[in-house]
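Enquirer: the amino acid sequence is not available; the structure is as follows:
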């Protein structure tokens, strides 16, 4: 059995955690994954040996990595991938990460890591920082590659990214405020009675765009031109959020 998460692949980690989180009794399947032996062989073992294996595998339930470090460069299939500075990633990449974390993030980890780690296009030197590839449509291609990474090398990248994301939501709180609890018909009627015609127009506009938050942000960055939304998604995260903040403050877009 792998004694350390440093030599456990991401694909194996996902399998293990998926079975741990299952409501079914998958003990033999879990042992099969951890020890890399068939379920049939486990079933033929005596009970003492199986219990010994279960005790030995308990490390799996502890925090995945005791060290807080991670690799900023990993090599997969003889190709080097470098960790992006979170604040310099594209706004479109940030949006895709939000969607991937919102879903079944455990199974999405290969895609998440393929966004955070990029190939180096131009090496850095004493005068220039390195240049990394732009975000592309590679999620369904590279996920199988990133399944091979050792989970101990990258797990804490996820922890650091989630801390970074939390700080973004705090700094730009005004951009990410959730709509207040929906009003009932009587409350809404009373609220509308107190509004001016312009305020009612803005109120209905806001209701119409509920559920399209990311698309609305991209549309604003694209100056309401749908053909330029892709271009807007390539803006860096801080650049896009600062621009959106300015537009909201000046009531532009």
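Expert: Done, it's in. Keep in mind that this is a model prediction, so the values were computed, not measured. Numbers count the residues shown, from 1 in each chain.

Enquirer: and the helix or strand in which residue 153 is found, which residues are buried?
Expert: Taking DSSP states H and E as the definition, residue 153 sits inside helix 151-171. For helix 151-171, burial by neighbour count (16 or more other CB atoms under 10 Å) applies to 151, 152, 153, 154, 155, 156, 157, 158, 161, 168. (Glycine included, C-beta is placed from N, CA and C.)

Enquirer: next, the contact list for residue 101, please.
Expert: Taking CB atoms under 8 Å, 6 or more residues apart in numbering as the criterion, residue 101 is in contact with 108, 112, 162, 165.

Enquirer: toward the C-terminus, what is the element adjacent to the helix or strand that residue 111 is a member of?
Expert: If you go by DSSP H and E, residue 111 is part of helix 105-116. Using DSSP H and E, the helix or strand that follows helix 105-116 in sequence is strand 117-118.

Enquirer: quick one: list the elements packing against the helix or strand hosting residue 218.
Expert: Assigning secondary structure by DSSP H and E places residue 218 in helix 213-221. Helix 213-221 sits against helix 91-102, helix 229-233, helix 237-250, with contacts defined as 3 or more CB pairs under 8 Å, 6 or more residues apart in numbering; DSSP states H and E.

Enquirer: give the buried residues for the longest one.
Expert: What it means is helix 237-250. Residues 237, 238, 240, 241, 243, 244, 247 are the ones in helix 237-250 that count as buried (16+ other CB under 10 Å).

Enquirer: now do the second one
Expert: Neighbour counts over helix 229-233 (16+ other CB under 10 Å) mark 229, 232, 233 as buried.

Enquirer: quick one: the helix holding residue 218 to helix 91-102, angle?
Expert: Compare the direction of helix 213-221 with that of helix 91-102 by axes from the mean of the first three to the mean of the last three CA atoms, to 10 degrees and you get 170 degrees.

Enquirer: for the stretch 51-200 of the chain, which spans come out with low pLDDT?
Expert: The stretch 51-200 of the chain contains residues with pLDDT under 70 at 53-68, 177-185, 187-188, 191-192, 197-200.

Enquirer: can you report how many residues neighbour the residue lying closest to residue 123 once chain neighbours are set aside?
Expert: Using CB to CB, 6 or more residues apart in numbering and skipping residues adjacent in sequence, the residue nearest residue 123 is residue 130, 5.5 Å away. For residue 130, the neighbour count with other CB atoms under 10 Å is 12.

Enquirer: contacts only, for residue 130.
Expert: Each residue near residue 130 by CB under 8 Å, 6+ apart is listed here: 82, 120, 121, 122, 123, 124.

Enquirer: let's see that with 6 Å instead.
Expert: Applying CB atoms under 6 Å, 6 or more residues apart in numbering to residue 130 gives the contacts 120, 123, 124.

Enquirer: can you give me the pLDDT of the residue nearest to residue 107 when sequence neighbours are not counted?
Expert: Using CB to CB, 6+ apart and skipping the chain neighbours, the partner closest in space to residue 107 is residue 14 (6.1 Å). If you check residue 14, the pLDDT there is 84.

Enquirer: state the three-state secondary structure for residue 14.
Expert: Of the three states, residue 14 takes helix according to DSSP: H, G, I helix; E, B strand; the rest coil.
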